[in-house]
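Visitor: After the sequence you'll find the predicted model.
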Amino acid sequence: MKTREEIAQALAASGYIADGELATAISLMQLLKRPLLLEGEAGVGKTEVAKALASVHATELIRLQCYEGLDQSAALYEWNYQRQLLAIQAHRGGDAETIEDQIFSEKYLLERPLLAAIRRAKPPVLLIDEIDRADDEFEAFLLELLSDFQVSIPELGTISATTIPHVVLTSNGTRELSDALRRRCLYHYVDYPDVDREARIIMARIDGSSASLSLQIARMVESVRKEELRKVPGVAETLDWAAALVGIGVRDLLEAPETVQETLMCLLKTHEDKSRLTREVTQRLLGKVA
Amino acid sequence: MSCCGNSPGYDEIDEVSRLVSAKLAAFLKTLRDSGFAVGLQEGRDAAALMAAGYIKKPGLLRSAFKHLFSARKSDWEKFDGLFDAFWLGKRVKSRSMTMGSAKAANSPSLKSLQDKKSEPTGGEAATDQIPSTDDAPEGRAGEGRMEAPRAPTILRKSISARWRTPTRSSKRTKLRRDWQKPCARD
């Protein structure tokens, strides 16, 4: 898998319709052995890239969901304290140094996502999701892993990667990431898809959605996105709405304006947004779909 | 590590790479002047990409460099304009924006652009460059427009002289034609 066309085709086969630039970014990940930082609004399909990539490589997806307060013990490794205590009990009376060496060995180490990702025989896809939610300290800790693909465990020393994982980081931009982290990554900004690509995404993901209906849905969603909304619908919302419409049996949006209005709840996630899209507004937007 | 077929012969690589390296170094400087955080590693990776055959496809090279050199959305949005201006000689027009990175706003090349225009509207005003699609009269070319920072004269002469040399003309002609083709955007 070398060219971006092949990558785009492989992603499409796994249900992810990528644009040429994303396919290029993925080919560069392989060529330069660099992590890929995906930035963009919530719901544009950043996490899906990692899932599709795992499917393309037929490899494991290891996911680290970031949150405020995430630390090394949850992300990298932890000692199995219960087993260590049992071992100490079992060897009571023995040489303290020998026991210490034993209980701080691999046998008592619990792998967390980051350690697991660099110790797999087959390179997995490591998804570090919503890195902007993690603290600055955790971001700094990641630098060693992302540049040298090694981690330091005080009791065991430095552990280098058995294989280099395909690392994908995502960020919604809620916090500015450090330059140091950004410089270690390839960058790709994931924008909302254009109408054509969104229609193809709908067709690929929703069984029973015809080309004409998919195009109508994509056009309608694009029009909705141009309205002043608090929460602009992402691709995930589009797919929910498409699934609802297909499930109800809609074949043409223009023939079912009432159903369109009633199912807009799939796209609009706040009361304020729902009240903005009145019947009149929906009618106006439907006019653009034709 | 080739993406685009066989590499040229050794003699060809040596001469071409010397010229291209100088041009690449000038491009890296342009990016730094425009607020991009470009380090040695990025330069090495860029050279590796060019050596891997990306140089033969400007559209692909632009996309690859965009991923490599951009670090944030503001970089992402202005990269295509900078690339086209530098490598393809396309004119770009400037557009004042109220958003943008402070780095970009403070970059010398963008500041010089702003100075030519009227007073900025806000303290955080930055300049974004987008490829120009309209053809302005020659006399107005300087208004709100920017030419790419040109490669040093000696480099341009070297390249011109090289293009004119009759030997090895077929490969060079093809390479030149590739670079003059309009760049397909994804």
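Guide: Nice, thanks for sending it over.
Visitor: Count the neighbours of the residue lying closest to A:Val221 once chain neighbours are set aside for me.
Guide: The shortest distance from A:Val221 to any non-neighbouring residue, by CB to CB, 6 or more residues apart in numbering or on different chains, is to A:Thr238 (4.9 Å). C-beta coordinates here come from the backbone N, C-alpha and C atoms, glycine included. Number of residues near A:Thr238 (other CB atoms under 10 Å in any protein chain shown) recorded here: 29.
Visitor: so which strand or helix has A:Thr238?
Guide: helix A:235-248 (DSSP states H and E).
Visitor: Can you find which helix in chain B contains the most residues?
Guide: Across chain B, the longest stretch assigned as helix under DSSP state H is helix B:10-33.
Visitor: Spell out whether it and chain A are in contact.
Guide: No - judged by CB under 8 Å from any CB of the partner chain, helix B:10-33 stays clear of chain A, getting no closer than 12.9 Å.
Visitor: Which other helices and strands does that helix contact?
Guide: helix B:40-51, helix B:73-87, helix B:108-116, helix B:153-164 (3 or more CB pairs under 8 Å, 6 or more residues apart in numbering or on different chains; DSSP states H and E).
Visitor: what angle do it and helix B:73-87 make?
Guide: Orientation check (axes from the mean of the first three to the mean of the last three CA atoms, to 10 degrees): helix B:10-33 against helix B:73-87 gives 130 degrees.
Visitor: and helix B:10-33, which residues are buried?
Guide: B:16-17, B:20, B:22-24, B:26-28, B:30-33 (16 or more other CB atoms under 10 Å in any protein chain shown).
Visitor: how about it as PDB, C-alpha atoms only?
Guide: This file holds the C-alpha atoms of helix B:10-33, laid out as PDB (Å, rounded to 0.1, in the frame of the first residue of the first chain):
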ATOM      1  CA  TYR B  10      23.200   9.000 -10.100                       C
ATOM      2  CA  ASP B  11      24.600  11.900 -12.200                       C
ATOM      3  CA  GLU B  12      21.100  13.300 -12.600                       C
ATOM      4  CA  ILE B  13      20.400  13.100  -8.900                       C
ATOM      5  CA  ASP B  14      23.500  14.900  -7.900                       C
ATOM      6  CA  GLU B  15      22.900  17.900 -10.000                       C
ATOM      7  CA  VAL B  16      19.200  18.100  -9.600                       C
ATOM      8  CA  SER B  17      19.400  17.600  -5.900                       C
ATOM      9  CA  ARG B  18      21.900  20.400  -5.400                       C
ATOM     10  CA  LEU B  19      19.600  22.900  -7.100                       C
ATOM     11  CA  VAL B  20      16.500  21.500  -5.500                       C
ATOM     12  CA  SER B  21      18.100  21.600  -2.000                       C
ATOM     13  CA  ALA B  22      18.900  25.300  -2.400                       C
ATOM     14  CA  LYS B  23      15.300  26.000  -3.500                       C
ATOM     15  CA  LEU B  24      14.000  23.900  -0.600                       C
ATOM     16  CA  ALA B  25      16.100  25.800   1.800                       C
ATOM     17  CA  ALA B  26      14.700  29.100   0.400                       C
ATOM     18  CA  PHE B  27      11.200  27.700   0.800                       C
ATOM     19  CA  LEU B  28      11.800  26.700   4.400                       C
ATOM     20  CA  LYS B  29      12.900  30.300   5.100                       C
ATOM     21  CA  THR B  30       9.800  31.600   3.500                       C
ATOM     22  CA  LEU B  31       7.700  29.400   5.700                       C
ATOM     23  CA  ARG B  32       9.500  30.500   8.800                       C
ATOM     24  CA  ASP B  33       9.000  34.100   7.800                       C
END
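Visitor: Average pLDDT for it, rounded please.
Guide: Taken as a whole, helix B:10-33 carries a mean pLDDT of 81.
Visitor: So what's the residue count around A:Arg205?
Guide: Counted with other CB under 10 Å, A:Arg205 comes out at 18.
Visitor: pLDDT below threshold where in the chain?
Guide: No chain in the question, so chain A it is. A:1-2 (pLDDT under 70).
Visitor: You answered for a different chain; I wanted chain B.
Guide: Where chain B drops to pLDDT under 70, the residues are B:1-14, B:16, B:91-186.
Visitor: Show me which residues of it sit near chain A.
Guide: B:1, B:3, B:37, B:39, B:41-42, B:45, B:48-49, B:52, B:60, B:63-64, B:66-68, B:70-73, B:75-77, B:186.
Visitor: Please identify the helix or strand for the residue lying closest to A:Ser14 once chain neighbours are set aside.
Guide: Counting by CB to CB, 6+ apart, A:Ser14 lies nearest to A:Ser55, which is 3.8 Å off, once chain neighbours are set aside. Assigned by DSSP H and E, A:Ser55 belongs to helix A:46-57.
Visitor: Give me the contacts around that helix.
Guide: A:1, A:7, A:10-11, A:13-16, A:18, A:22, A:26, A:36, A:38-40, A:60-61, A:63, A:123-125, A:127, A:129, A:166, A:168, A:170, A:190 (CB atoms under 8 Å, 6 or more residues apart in numbering or on different chains).
Visitor: okay, now the residue of the stretch 101-250 of chain A found nearest chain B: neighbour count?
Guide: Ranked by CB to the nearest CB, the top residue of the stretch 101-250 of chain A for proximity to chain B is A:Arg182, at 3.9 Å. Look at A:Arg182: counted by other CB under 10 Å, it has 20 neighbours.
Visitor: so is it in a helix, a strand, or just coil?
Guide: Classification of A:Arg182 using DSSP: H, G, I helix; E, B strand; the rest coil returns helix.
Visitor: What parts of the stretch 51-200 of chain A come near chain B?
Guide: A:Gly173, A:Asp179, A:Arg182, A:Arg183, A:Leu186, A:Tyr187, A:His188, A:Tyr189.
Visitor: Spell out the residue ranges of the strands in the stretch 101-250 of chain A.
Guide: A:109-111, A:125-129, A:150-153, A:157-160, A:166-171, A:186-189 (DSSP state E, counting those that start in this stretch).
Visitor: For the second one, output the C-alpha coordinates as PDB.
Guide: Extracted in PDB, the C-alpha atoms of strand A:125-129 (Å, rounded to 0.1, in the frame of the first residue of the first chain):
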ATOM      1  CA  VAL A 125      -3.200   1.600  15.400                       C
ATOM      2  CA  LEU A 126      -2.800   3.700  18.600                       C
ATOM      3  CA  LEU A 127      -5.600   6.300  18.900                       C
ATOM      4  CA  ILE A 128      -5.000   9.000  21.400                       C
ATOM      5  CA  ASP A 129      -8.400  10.500  21.300                       C
END
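Visitor: now the angle from it to strand A:166-171?
Guide: Going by the same axes, to 10 degrees, strand A:125-129 makes 10 degrees with strand A:166-171.
Visitor: which helices and strands does strand A:125-129 pack with?
Guide: Using 3+ CB pairs under 8 Å, 6+ apart, strand A:125-129 is in contact with helix A:46-57, strand A:61-65, helix A:113-118, strand A:166-171.
Visitor: Test my guess that A:Ala244 contacts A:Leu264.
Guide: No - if you go by CB atoms under 8 Å, A:Ala244 and A:Leu264 don't touch, sitting 9.8 Å apart.
Visitor: So what's the residue count around the residue of the stretch 1-150 of chain A found nearest chain B?
Guide: Nearest residue of the stretch 1-150 of chain A to chain B (CB to the nearest CB) works out as A:Gly20 at 3.4 Å. Neighbour count of A:Gly20, defined by other CB under 10 Å: 17.
Visitor: Perfect, I'm done here.
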